[in-house]
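> got a predicted structure here, sequence first:
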Amino acid sequence: MGRMARLLVGPGSVVTFGKDGEVIEEGGVLIDGNVIESVGKYDDLHRALGERKEEFETLDAGGRVILPGIVNAHMHFYSTFARGMALKDAPPENFVQILERLWWRLDKALGPEDCYLSAAIPILQGLRYGITTYLDHHASPFYREGTPLGCLEEVGQAVLDTGVRACLCYEVSDRDGQTVAEVGMSENERFIEMCRTGHGGGRLSGMIGLHAQFTCEDDTLERARQLNDYLRAGCHIHCAEDVADAENARSRGFQGAVDRLREFGILGEKSILAHCIHITDAEVEMIASSGTAVVHQPTSNMNNAVGAAAIVDLAAEGILLGVGTDGMSPVVWNDFRTASWLMRHRAADPRQGWGESVALLVEGNPALASRYFEKPVGVLREGAFADVAVMDYFPPTPLSKDSLGGHLLFGLSHSTAYHVVCDGKILLESGRLKLDIDEEGLAARAREHAQELWERF
Ligand SMILES: [Zn+2]
């Protein structure tokens, strides 16, 4: 693990992110412990240190672009072992078959070390692109002795060992019977309580995970409501990803998937709906009025051929919107770019979605992630957690608040990180990981596990 230090990061073009984000030329970020002490002109910060100068180490950004650590707002670490895996049945023809023939077979085969390896490996990959915070949605129903008990701690250990930050949840559903559903719910409760009493030292937090309304019976949604009334942790659930979810809700007498979740009290300011593609205008209003956040995963949606969310319309209603990868990759930059192209493609209008897509990454993800940690994350400002990504990018055109979107979409999204700091610790320096982890050894162990898992699958 990198050292916790008092650090002055700079000089470079500091891009603060957040709602009133700015670009500070020849800027720097001053870090004390795991918190940002101040952000400003590098020379001013350096001068203001005065006699404290000796106590601070300099992390030379060499004029590069300094971003906050990037947030991936919807991830499935456990998808790692699906990479290259052959299916045993005919190729799925629709979304529900993709779940049945791929994901619900894979997650049943995951044991303890699988959960650790499948998380640690993508996190290390993501670090090279400046990704430091994940909102992960985990499933391993038969993790140990036929239940998921303890799986979030295993995933959490990978997060702790790799130095990043994550909000985890276990995706409860009724597809594997009542016992697995009940243990899954208590796994969420147990993990949330553990994090609240100090586990993870502020780098881990938990939510109440649910798979989707169409895989949850009324009793399960009711239990989630009761748990959320008590813990106020928020629910993280897939919603209206495919038309089948909306049809299922309609067959139960609701307008759609959002409407059924509203009925069961799942919406609210700490809850996250992933996808929201097949929803009605009335359901958009339900999301907006409840303060629920929506996370968009365009590459997954295209890969599953399930449609495209009306992100521009959701943004117009003031809904908090983020962007995630849905397990396609740890690196959210690709989904961020694809979100922009898809907004214009969906509308058949090249004017659409420029501001809305940039806002997903710059404003939405930080605001969303900050709901689950003790201090703001994903922004460079005083009092926020000290998560910083110095990107190996020297702007070839002027970089300002107005031109930032273009640099993010066409330049920074292709760039690797040069230095990464998370929670005040240097995890990557001059392009090299500074962690006490044998990355090659991890991958070798993962290949052995994957081979066995593919046979069990
Ligand atoms: Zn997902």
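Thanks, I have it. Because the structure is a prediction, the values reported are computed rather than measured. Numbers count the residues shown, from 1 in each chain.

> ok, which stretches of the stretch 301-450 of the chain are helices?
Taking DSSP state H, counting those that start in this stretch to define them, one finds helices in the stretch 301-450 of the chain at 311-316, 333-347, 354-359, 365-370, 404-410, 439-456.

> no no, the stretch 51-200 of the chain
All helices of the stretch 51-200 of the chain, identified by DSSP H, counting those that start in this stretch, fall at 95-98, 104-106, 112-127, 151-162, 178-196.

> select, out of these, the one closest to residue 448.
Smallest distance to residue 448 across the helices of the stretch 51-200 of the chain (C-beta to C-beta): 9.6 Å, for helix 112-127. Where you see a C-beta, it was placed from the backbone N, CA and C, and this is true even at glycine.

> name the residues of that closest one that are buried.
Neighbour counts over helix 112-127 (16 or more other C-beta atoms under 10 Å) mark 114-124, 126-127 as buried.

> could I get stretch 92-103 in PDB with only the CA atoms?
Written as PDB, here are the backbone C-alpha positions of stretch 92-103 (Å, rounded to 0.1, in the frame of the first residue of the first chain):
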ATOM      1  CA  PRO A  92     -29.500 -16.000 -26.000                       C
ATOM      2  CA  GLU A  93     -32.200 -14.400 -28.100                       C
ATOM      3  CA  ASN A  94     -33.300 -11.800 -25.600                       C
ATOM      4  CA  PHE A  95     -32.400 -10.200 -22.300                       C
ATOM      5  CA  VAL A  96     -34.100 -12.700 -20.000                       C
ATOM      6  CA  GLN A  97     -32.200 -15.500 -21.800                       C
ATOM      7  CA  ILE A  98     -28.900 -13.600 -21.300                       C
ATOM      8  CA  LEU A  99     -29.600 -13.600 -17.600                       C
ATOM      9  CA  GLU A 100     -30.600 -17.200 -17.500                       C
ATOM     10  CA  ARG A 101     -27.900 -18.600 -19.700                       C
ATOM     11  CA  LEU A 102     -25.000 -16.400 -18.600                       C
ATOM     12  CA  TRP A 103     -25.200 -14.300 -15.500                       C
END
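
> list the contacts of it.
79, 82, 85, 87-89, 139, 241-242, 244, 304-306 (C-beta atoms under 8 Å, 6 or more residues apart in numbering).

> quick check: buried residues in that stretch?
Applying 16+ other C-beta under 10 Å to stretch 92-103 flags 92, 95, 98, 99, 101, 102, 103 as buried.

> give me the pLDDT for the last one.
This means residue 103. On the pLDDT scale, residue 103 is placed at 91.

> repeat for the fourth one
Residue 99 carries a pLDDT score of 92 in this model.

> where does this structure have its least confident helix or strand?
In the chain, no helix or strand scores lower on mean pLDDT, DSSP states H and E than helix 104-106, which sits at a mean of 91.

> contacts for it, please.
Applying C-beta under 8 Å, 6+ apart, the contact partners of helix 104-106 are 78, 79, 81, 82, 85, 88, 175, 453, 457.

> format those as JSON lines; extra columns: pLDDT.
Output for these, formatted as JSON lines (pLDDT from 0 to 100):
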{"residue": "78", "pLDDT": "95"}
{"residue": "79", "pLDDT": "95"}
{"residue": "81", "pLDDT": "94"}
{"residue": "82", "pLDDT": "92"}
{"residue": "85", "pLDDT": "89"}
{"residue": "88", "pLDDT": "86"}
{"residue": "175", "pLDDT": "95"}
{"residue": "453", "pLDDT": "89"}
{"residue": "457", "pLDDT": "81"}
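
> which of the residues you listed tops the neighbour count?
Neighbour counts for the contacts of helix 104-106 peak at residue 78, which has 26 neighbours (criterion: other C-beta atoms under 10 Å).

> contact partners for the closest residue to that residue other than its chain neighbours?
Distances taken as C-beta to C-beta, 6 or more residues apart in numbering put residue 118 closest to residue 78, at 4.9 Å, once the chain neighbours are dropped. Counting by C-beta under 8 Å, 6+ apart, residue 118 touches 77, 78, 79, 80, 81, 110, 446.

> would JSON lines of the buried residues of helix 112-127 with distance to residue 332 and pLDDT be doable?
Below are the buried residues of helix 112-127 laid out as JSON lines (distance: C-beta to C-beta, whole Å; pLDDT from 0 to 100):
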{"residue": "114", "distance to residue 332": "23", "pLDDT": "94"}
{"residue": "115", "distance to residue 332": "21", "pLDDT": "96"}
{"residue": "116", "distance to residue 332": "22", "pLDDT": "97"}
{"residue": "117", "distance to residue 332": "21", "pLDDT": "97"}
{"residue": "118", "distance to residue 332": "18", "pLDDT": "96"}
{"residue": "119", "distance to residue 332": "16", "pLDDT": "98"}
{"residue": "120", "distance to residue 332": "18", "pLDDT": "98"}
{"residue": "121", "distance to residue 332": "17", "pLDDT": "97"}
{"residue": "122", "distance to residue 332": "11", "pLDDT": "98"}
{"residue": "123", "distance to residue 332": "13", "pLDDT": "98"}
{"residue": "124", "distance to residue 332": "15", "pLDDT": "98"}
{"residue": "126", "distance to residue 332": "8", "pLDDT": "98"}
{"residue": "127", "distance to residue 332": "13", "pLDDT": "98"}
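
> quick one: which of those is nearest to residue 9?
Relative to residue 9, the closest of the buried residues of helix 112-127 is residue 127; by C-beta to C-beta it sits at 16.1 Å.

> what's the closest one in contact with, if anything?
Applying C-beta under 8 Å, 6+ apart, the residues contacting residue 127 are 162, 163, 164, 417, 420, 427, 428, 433.

> okay if I get those residues as a markdown table plus distance to residue 260 and pLDDT?
Shown next, in a markdown table, are the contacts of residue 127 (distance: C-beta to C-beta, whole Å; pLDDT from 0 to 100):
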| residue | distance to residue 260 | pLDDT |
| --- | --- | --- |
| 162 | 37 | 98 |
| 163 | 39 | 98 |
| 164 | 34 | 98 |
| 417 | 41 | 98 |
| 420 | 41 | 98 |
| 427 | 41 | 98 |
| 428 | 43 | 98 |
| 433 | 45 | 97 |
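
> among those residues, name the ones in strands.
Of the positions in the contacts of residue 127, 417, 420, 427, 428, 433 sit in strands, assigned by DSSP state E.

> widest-spaced pair of these?
Across those, the longest distance by C-beta to C-beta is 10.5 Å; it joins 417 and 433.

> neighbour count: those two, which is higher?
Here residue 417 and residue 433 are compared on neighbour count by other C-beta under 10 Å; more neighbours surround residue 417, at 25 against 17.

> can I assume that one is in contact with residue 390?
Yes. The pair residue 417 / residue 390 is scored as a contact, 6.7 Å apart, by C-beta atoms under 8 Å.

> farthest pair in the contacts of residue 127?
Farthest pair in the contacts of residue 127 (C-beta to C-beta) is 162 and 417. Separation: 13.9 Å.

> next, count neighbours for the nearest residue to residue 234 once chain neighbours are set aside.
Spatial nearest neighbour of residue 234, excluding adjacent residues (C-beta to C-beta, 6+ apart): residue 270 at 2.7 Å. Counted with other C-beta under 10 Å, the neighbours of residue 270 add up to 18.
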